[in-house]
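Novice: following is a predicted model, sequence given first.
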Amino acid sequence: MTSSRLTVVSGPTAVGKGTVVSALARQHPELFVSVSATTRPPRPGEVDGVHYLFVSEAEFDRLVHDDELLEWAVVHGVHRYGTPKAPVVAAVEAGRSAILEIDLQGARQVKTSWPGARFVFLTPPSWEELVRRLVGRGTESAEQRERRLETARAELASQAEFDHVIVNGEVGQAVADLVSLVRL
């Protein structure tokens, strides 16, 4: 198994991880993009199995118990998210490059379990822009936004843990920067 075929993309909330990885996947359909499991309810427009695997607390417990997750974490102190292991391993063993779009806690777990992976931190051009993006999404309450921004402050301080840092000022440029790092 070629470890360098796995790229982990992480960064703070609302930095545009999903937007950048989705744009990358549209341009390069040969890439395997992992779909995370989560215990949170779907946001408007999200489709089970496409955006996330929406699972119950009991099902998530089973996935953890049966060691079926590459990583998992409680995010923003509320819901659990995790990466199903089997599809990622199968893609890499088949010679496909794989992308994980995950939070910082998950990236740290993958760094331990899959140390040869490539780790990319996506950062906003400024703190003000990150706040603007989070507020602009309109998907969180004021309390949820504050919790996410508190987490984001801590996450931004972890950039040095990553192999590469990409500033997501403009999606097209961020995708181009990511393409230059991923083995296609």
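Specialist: Good, I have the coordinates.
Novice: who does residue 33 bridge with?
Specialist: Beta-bridge partners of residue 33, counted by DSSP bridges, are residue 99.
Novice: how much space between it and residue 71?
Specialist: 15 Å (CB to CB, to the nearest Å). Glycine gets a C-beta too; all of them are placed from N, C-alpha and C.
Novice: neighbour count: these two, which is higher?
Specialist: When residue 33 and residue 71 are compared for neighbours, residue 71 comes out ahead with 23 against 19, by other CB atoms under 10 Å.
Novice: mind listing the helices for this protein?
Specialist: Secondary structure of the chain (DSSP state H): helices located at 17-27, 57-65, 85-93, 104-113, 127-137, 142-156, 171-179.
Novice: so which of these gets nearest residue 44?
Specialist: Of all the helices of the chain, the one in closest proximity to residue 44, counting by CB to CB, is helix 127-137 (11.0 Å).
Novice: hmm, back to that, what's the closest of the helices of the chain to residue 5?
Specialist: Short answer: helix 85-93, nearest of those by CB to CB, at 4.7 Å.
Novice: show me what the closest one is in contact with.
Specialist: 1-2, 5-6, 32, 34-35, 67-70, 98, 100 (CB atoms under 8 Å, 6 or more residues apart in numbering).
Novice: 6 Å instead, please
Specialist: 1, 5-6, 32, 34, 68-70, 98 (CB atoms under 6 Å, 6 or more residues apart in numbering).
Novice: then stretch 35-46?
Specialist: 52-55, 57, 60, 79-83, 139.
Novice: then stretch 94-102?
Specialist: Contacts for stretch 94-102 (CB under 6 Å, 6+ apart): 5-10, 17, 21, 31-34, 83, 88, 91-92, 182-184.
Novice: quick check: mean pLDDT across it?
Specialist: Per-residue pLDDT over stretch 94-102 has a mean of 94.
Novice: one more: stretch 159-168?
Specialist: Here the average pLDDT along stretch 159-168 is 96.
Novice: which parts of that stretch are buried?
Specialist: 162, 164, 166, 168 (16 or more other CB atoms under 10 Å).
Novice: now distance to residue 133 too, for those, in TSV please.
Specialist: What follows is the buried residues of stretch 159-168, written out as TSV (distance: CB to CB, whole Å):
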residue	distance to residue 133
162	20
164	21
166	15
168	9
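Novice: show me the residues you listed that map onto strands.
Specialist: Judged by DSSP state E, the subset of those located in strands is 164, 166.
Novice: for the buried residues of stretch 159-168, which one is nearest residue 155?
Specialist: residue 162 (11.0 Å).
Novice: nearest spatial neighbour of that closest one, skipping sequence neighbours?
Specialist: The shortest distance from residue 162 to any non-neighbouring residue, by CB to CB, 6 or more residues apart in numbering, is to residue 121 (3.9 Å).
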